[in-house]
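Peer 1: below is the sequence, then the predicted model.
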Amino acid sequence: MIQINGLTKTYGGRPALDHLDLTLRTGVTGLLGPNGAGKTTLLRCLATTLAPDSGSVTAFGLDPASPSQRTALRRRLGYLPQDPGFYPHFTAFDLVDYVAILKELTDREHRHAEVRRVLAEVDLTGQARTKVRKLSGGMRQRLALAQALLGEPDLLILDEPTVGLDPEQRMSFRALVSRLGESRAVVLSTHQTEDVAALCERVIVLRGGRAVFDGTPGELARVADGQVWLSAEAPATSRMFWRTADGRYRTLGDRPPAAEQATPGVEDGYLMLLGEEVAA
């Protein structure tokens with residue numbers, strides 16, 4: 001559905017995306033990577049808010065390099081940016097209604113029904129008439145998600161969507177995104193490996209603007225097979241370890257003395273993949 005070929009974007013001589021090639025289809029795809037890996041730049045190119053230096057993105061047969069096709073593509077996507085802008089004196093309903101007008105939902109009755117629908121999807125019906133400035137950070141994040149859901153987009157692009165959400169809200173978000181991914185392409189960037197493990201059928205790890213892993217969460221976990229250890233003492237030679245809630249130390253890499261092997265998870269595989277870059 002979405003084809004990315006040779007996508008390149010450079011800032012100050014440093015490549016944020018480096019001749020990236022990807023194909024995205026229906027389902028939920030997670031993007032992982034350290035800060036500066038190119039995740040947000042990639043999502044902005046997909047959302048048509050940033051033009052690449054070279055390469056191409058096509059979605060549903062539409063090329064955003066063409067102004068008319070870019071407009072047609074924007075009608076079919078929803079975008080939650082990392083730092084969504086808000087008008088603090090608007091009510092939640094008015095803000096989403098304003099975005100709905102920008103999305104060309106011109107029939108007032110239909111538009112208002114759609115606004116009520118997406119507010120209900122993110123559990124903000126009770127705050128519809130509350131001014132944005134009075135909403136908590138988590139409520140504002142859910143409000144930003146609501147505007148991205150307007151019009152049942154075929155491509156949903158989410159940049160750090162669970163920031164500020166409490167555990168109950170995260171559970172609701174996961175249920176919503178899982179349902180949406182059954183019939184459309186959902187691409188989400190996150191630093192939360194537990195969201196990837198819970199939500200994504202596919203995970204792509206970016207480093208230096210290139211994809212260094214592309215597979216299932218289970219396959220990413222298996223990158224750390226035989227390299228995850230639990231021990232009573234902190235390892236003397238490794239920087240990739242932490243103290244767990246039960247007082248033992250979880251170490252990645254070489255086996256510490258008297259350590260027992262542990263089952264790897266998605267986070268373990270991700271950390272092993274990036275290695276010393278993450279430890280540093």
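Peer 2: Alright, I've got the coordinates. Numbering: from 1, shown residues only.

Peer 1: which stretches of the stretch 51-200 of the chain form helices?
Peer 2: 67-74, 92-102, 108-121, 137-148, 167-180, 193-199 (DSSP state H, counting those that start in this stretch).

Peer 1: mean confidence score for the second one?
Peer 2: Spelled out, it's helix 92-102. Averaging the model's pLDDT scores along helix 92-102 yields 96.

Peer 1: which other residues reach it?
Peer 2: Contacts to helix 92-102, defined as CB atoms under 8 Å, 6 or more residues apart in numbering, come from residues 86-87, 90, 111-112, 114-116, 118-119, 124, 127-130, 132, 135, 139, 143, 146-147, 150-151. All C-beta atoms are positioned from the backbone trio N, CA, C, and that covers glycine.

Peer 1: ditto for the third one
Peer 2: The contact list for helix 108-121 (CB under 8 Å, 6+ apart) reads 92-93, 96-97, 100-101, 105, 125, 127-128, 146-147, 149-151, 176.

Peer 1: same check on the shortest one?
Peer 2: With contact meaning CB under 8 Å, 6+ apart, helix 193-199 is reached by 28, 30, 32, 162, 170, 174, 177-178, 181, 188, 190, 203, 217, 220-221, 265-267, 270.

Peer 1: correct me if wrong: L150 contacts G78.
Peer 2: Yes - counting by CB atoms under 8 Å, L150 does reach G78; the two are 6.6 Å apart.

Peer 1: can you put the helices of the stretch 51-200 of the chain in CSV and add distance to G36?
Peer 2: Formatted as CSV, the helices of the stretch 51-200 of the chain follow (distance: least, CB to CB, whole Å):
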stretch, distance to G36
helix 67-74, 27
helix 92-102, 30
helix 108-121, 32
helix 137-148, 23
helix 167-180, 25
helix 193-199, 18
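
Peer 1: returning to what we had before: out of the contacts of helix 92-102, which end up buried?
Peer 2: 90, 111, 114-115, 118-119, 124, 127-128, 132, 135, 139, 143, 146-147, 150-151 (16 or more other CB atoms under 10 Å).

Peer 1: so where's the stretch 1-150 of the chain uncertain?
Peer 2: Applying pLDDT under 70 to the stretch 1-150 of the chain flags no residue at all.

Peer 1: farthest-apart pair in the contacts of helix 108-121, please.
Peer 2: Among the contacts of helix 108-121, the pair separated by the greatest distance (CB to CB) is I101 and L176, at 23.9 Å.

Peer 1: the more surrounded of the two?
Peer 2: Just comparing I101 and L176: by other CB atoms under 10 Å the higher neighbour count belongs to L176, 15 against 12.

Peer 1: could I get the pLDDT score of the more buried one?
Peer 2: For L176, the model assigns a pLDDT of 89.

Peer 1: ok, it to T29 distance?
Peer 2: For L176, the distance to T29 equals 16 Å [CB to CB, to the nearest Å].

Peer 1: how about D254?
Peer 2: Here the criterion is CB to CB. By it, D254 lies 33 Å from T29.

Peer 1: which one's more surrounded, those two?
Peer 2: Using other CB under 10 Å, the more surrounded residue of D254 and T29 is T29, with 23 against 12.
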